[in-house]
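Student: Fold the following for me, if possible:
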Amino acid sequence: MKNIEKDKLTAVISVEPPFEENGQMSSVTVLADKVYSTTDIAKDYRMDIWSLNKYLEYRNVQYFDKNKYHLYGKFRGKGLVVDIPTMKYLRWTEKGKKFVEFMLEQDGYEKVVRKHG
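Tutor: Numbering: from 1, shown residues only. Alright, predicted model coming up:
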């Protein structure tokens, strides 16, 4: 598996759980077009990383254990995050970002409209 750099637009992620092929367990690799930090998503809703992480814990999406955030089982293997073992915070795929945004908006949070130019 190649190293994932923050500024790369393409990242390789492992999807869990491993799938069985010919009686053997193997991991599946999926390409993500772009990855987003929790901070990236939080800024779009005028939140800080602490607030968004607490919100995701409250919504039972993630939990904090052994100095790292993890997704609860029902959200694992859905292509929502990039698994980077050395990172404390999750890195979200485009699908994961949209998932978090949908939940926030369902709960009344409004996305900040940014003007470019």
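Student: so residue 95 is in which element?
Tutor: Using DSSP states H and E, residue 95 sits in helix 94-106.
Student: ok, residues contacting that helix?
Tutor: For helix 94-106, the surrounding residues in contact (C-beta atoms under 8 Å, 6 or more residues apart in numbering) are 32-34, 36, 40-41, 44-45, 52, 55-56, 59, 61, 78-81, 90, 92, 111. All C-beta spots, glycine's among them, are computed from the backbone N, C-alpha and C.
Student: ok, 10 Å please
Tutor: By C-beta atoms under 10 Å, 6 or more residues apart in numbering, the residues outside helix 94-106 that reach it are 32-36, 38, 40-42, 44-45, 47, 52, 55-56, 59, 61-62, 71, 75, 78-82, 90, 92-93, 109-111.
Student: Filter those residues down to the buried ones.
Tutor: Buried by 16 or more other C-beta atoms under 10 Å: 32, 35-36, 38, 41-42, 44-45, 47, 52, 55-56, 61-62, 71, 75, 80-82, 90, 92-93, 109, out of the contacts of helix 94-106.
Student: coming back round to it: list the buried ones in the helix holding residue 95?
Tutor: Result for helix 94-106 [16+ other C-beta under 10 Å]: buried residues 96, 97, 99, 100, 101, 104.
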